[in-house]
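# generate a structure from the sequence data that follows.
(4 chains)
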Amino acid sequence: MTPSGSDVRLLTDPFDPAHELGAFTRVHPEAGGVVSFLGQVRAGDEVEALELQHYEPLTLPAMKDLAERVRKRWELEGLLVIHRSGVMEPGDPIVLVAAAARHRRDAFAAADYAMDHLKSESWFWKREKADGEWRWIEPRAQDFEDIARWG
Amino acid sequence: MTPSGSDVRLLTDPFDPAHELGAFTRVHPEAGGVVSFLGQVRAGDEVEALELQHYEPLTLPAMKDLAERVRKRWELEGLLVIHRSGVMEPGDPIVLVAAAARHRRDAFAAADYAMDHLKSESWFWKREKADGEWRWIEPRAQDFEDIARWG
Amino acid sequence: MHARAELVSSGEKNSLSVKLVFLGRLEDLAGGSSRKVPLAPSIDAVLDGLDPALASALREPRVKLAVNGILLQDTDAPVLKDGDEIAFLPPVSGG
Amino acid sequence: MHARAELVSSGEKNSLSVKLVFLGRLEDLAGGSSRKVPLAPSIDAVLDGLDPALASALREPRVKLAVNGILLQDTDAPVLKDGDEIAFLPPVSGG
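Just a heads-up that it's a prediction; the model follows:
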């Protein structure tokens, strides 16, 4: 927990989103609503594995900066940001963002904004394994559109 | 589960949102993202207890209708709607909505829409206990504004 | 919480009745969540048989009605029969 | 995954060096995630000492640079010193 009450973590090992979300909710009983986003490695595609690479001196500090911006923009009781790095398999959790607020609209907007900006700005490089071959993923135009929504 | 893959429940007993969300996520590994909203009885207000009353012939059928509308409007892998009825205490979960989708935007919009419409349209009557006195809650103008966002 | 009325009245053989169900604050006004009253041909006639203060609260335009779980439109004036359940639904609380 | 470079070089006393860190697809091009190269006064001079194909990929405008964890602005041309860590950051993957 930072002084502002945000919990921002970069993990190299698997995590249990239900457990994390339950713990987050329990410490914010004064919040009327908690909105969460869980991103996981999609099963059923041809992707056999996914690797996220981070750069230690930049990645976590930038995640914490983003959390601060979210806290300033909306009235929240708490904010949780957990992001995996390393090799993951289909069904594995990649990212969990949760925003606890007295008012539902704040919680939705904060989680949505945090995800758009995590996806497009964060210092993560991604590669996917398909047919036994690893391939680096380039940026997607959709991310820039998502982020433009926030003005 | 209905044929369309929505899980809509009206419960008169407490439920564990982390457990429900974990189970929902596990049956939708093909979804890239899961957005959830958890509404709980706010702690720290003067409210000692909250009671939601439902009317059996209308309440659950209307929740199922809403779920169908959400499924038609966005491309989802799954939709979970759990709503409590009966007497609850501060910190108790009231409502859990979760939308699983291949694409993040669909999951956010579906959960947001479902909550706006659940809150404003659902056949629930609410009373709160404060200072030992029960008081019925009237509709809020905010709900009509929330719902107007969807056109 | 409120079970659908038994379609066959379980009371005395000759007492034809309808069941009134009061939701939300109407429960407090009615002094109970439901009540059996003698069958009358129309909802208006049923309301005429109630305490005038309660009848007036039930006639408020914001109070919606359902007969046997089917929501009535404003212009609906159903003919009642023995065992019908009439629910009086004040505005939902939202929030 | 990539630890901040030790500010005091742990190698031989006389081999002044900088550490290059290659992220994403640049790791494949460089044949490794990091490399120690002899100290040169500027980033340009360091790049001039590399294989031309790699140097050209590292000079792409979309590749950002960080020195000791501080992101460089386009016009920054820092004077390098022994033990500095230069990271080459291609566009992040998003999605």
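# for the rest of this, base every contact and every neighbour count on C-alpha atoms.
Fine.
# packing partners of the helix or strand hosting A:Arg9?
Assignment of secondary structure by DSSP states H and E places A:Arg9 within strand A:6-11. Packing contacts for strand A:6-11, counted by 3 or more C-alpha pairs under 8 Å, 6 or more residues apart in numbering or on different chains; DSSP states H and E, involve helix A:56-73, strand A:78-84.
# for C:Arg59, the count of nearby residues, please.
Counted with other C-alpha atoms under 10 Å in any protein chain shown, residues neighbouring C:Arg59 total 15.
# re the thing from before, out of the helices and strands packed on strand A:6-11, the one nearest chain D is which?
Nearest of the helices and strands packed on strand A:6-11 to chain D, taken as C-alpha to the nearest C-alpha: helix A:56-73 at 4.9 Å.
# now the closest one: how far from the chain's centre is it?
The chain centroid and the centroid of helix A:56-73 are separated by 11 Å under C-alpha atoms, centre = their mean, to the nearest Å.
# do the same with stretch A:12-28
In this view, stretch A:12-28 has its centroid 13 Å away from the chain centroid, taken as C-alpha atoms, centre = their mean.
# hmm, it in reach of chain D?
No: if you take C-alpha under 8 Å from any C-alpha of the partner chain as the test, stretch A:12-28 misses chain D, and the best it gets is 8.6 Å.
# and that stretch, which residues are buried?
Neighbour counts over stretch A:12-28 (16 or more other C-alpha atoms under 10 Å in any protein chain shown) mark A:Thr12, A:Phe15, A:Pro17, A:Ala18, A:Glu20, A:Leu21, A:Phe24, A:Thr25, A:His28 as buried.
# helix/strand/coil for A:Glu128?
strand (DSSP: H, G, I helix; E, B strand; the rest coil).
# leaving aside the residues next to it on the chain, what's closest to it?
With sequence-adjacent residues excluded and distances taken as C-alpha to C-alpha, 6 or more residues apart in numbering or on different chains, A:Glu128 is closest to A:Leu50, at 4.5 Å.
# ok, the residue nearest to the spatial centre of chain A to D:Ser56 distance?
Nearest to the mean C-alpha position of chain A, by C-alpha atoms, centre = their mean, lies A:Val95 at 4.0 Å. The gap separating A:Val95 from D:Ser56 is 34 Å, by C-alpha to C-alpha, to the nearest Å.
# returning to that earlier point: who's in contact with the residue nearest to the centre of chain A?
A:Val95 is in contact with A:Phe37, A:Leu38, A:Gly39, A:Gln40, A:Val81, A:Ile82, A:His83, A:Arg84, counting by C-alpha atoms under 8 Å, 6 or more residues apart in numbering or on different chains.
# mind redoing it with 6 Å?
Contact analysis of A:Val95 by C-alpha atoms under 6 Å, 6 or more residues apart in numbering or on different chains lists A:Leu38, A:Gly39, A:Ile82, A:His83.
# what pairs with the closest residue to it other than its chain neighbours across the strands?
Closest residue to A:Val95 apart from its sequence neighbours, by C-alpha to C-alpha, 6+ apart: A:His83 at 4.5 Å. Taking DSSP bridges as the rule, A:His83 bridges to A:Leu10, A:Val95.
# wait, A:His83 touches A:Leu10, no?
Yes: counting by C-alpha atoms under 6 Å, A:His83 does reach A:Leu10; the two are 5.0 Å apart.
# returning to that earlier point: and the angle from the following helix or strand past the strand holding A:Arg9 to helix B:17-26?
Downstream of strand A:6-11, the next assigned helix or strand under DSSP H and E is helix A:17-26. If you take axes from the mean of the first three to the mean of the last three C-alpha atoms, to 10 degrees, helix A:17-26 sits at 150 degrees to helix B:17-26.
# wait, which of the contacts of A:Val95 is closest to chain C?
Of all these, chain C sits closest to A:Leu38, with 25.6 Å by C-alpha to the nearest C-alpha.
# got a list of what the closest one touches?
A:Val95, A:Leu96, B:Gly33, B:Val34.
# contacts only, for A:Phe108.
Applying C-alpha under 6 Å, 6+ apart to A:Phe108 gives the contacts A:Val35.
# quick revisit: so what pLDDT did the residue nearest to A:Val95 get?
Looking at A:His83, its pLDDT stands at 97.
# please apply the same query to the one 10 residues further on.
If you check A:Pro93, the pLDDT there is 96.
# I'd say it and A:Arg42 touch.
No: counting by C-alpha under 6 Å, A:Pro93 does not reach A:Arg42; the two are 9.4 Å apart.
# returning to what we had before: ok, residues contacting whichever helix or strand the residue nearest to A:Glu128 is part of?
Using DSSP H and E, the element containing A:Leu50 is strand A:49-54. Strand A:49-54 has contacts (C-alpha under 6 Å, 6+ apart) with A:Ser85, A:Gly86, A:Val87, A:Met88, A:Glu89, A:Phe124, A:Trp125, A:Lys126, A:Arg127, A:Glu128, A:Lys129.
# cool, stretch A:19-34 as well?
Stretch A:19-34 is touched from outside by A:99-102, A:104, B:18, B:37-40, B:42-44, B:91, with contacts defined as C-alpha under 6 Å, 6+ apart.
# mind listing the strands for chain C?
Using DSSP state E, the strands found in chain C span residues C:17-22, C:34-38, C:64-67, C:70-71, C:85-89.
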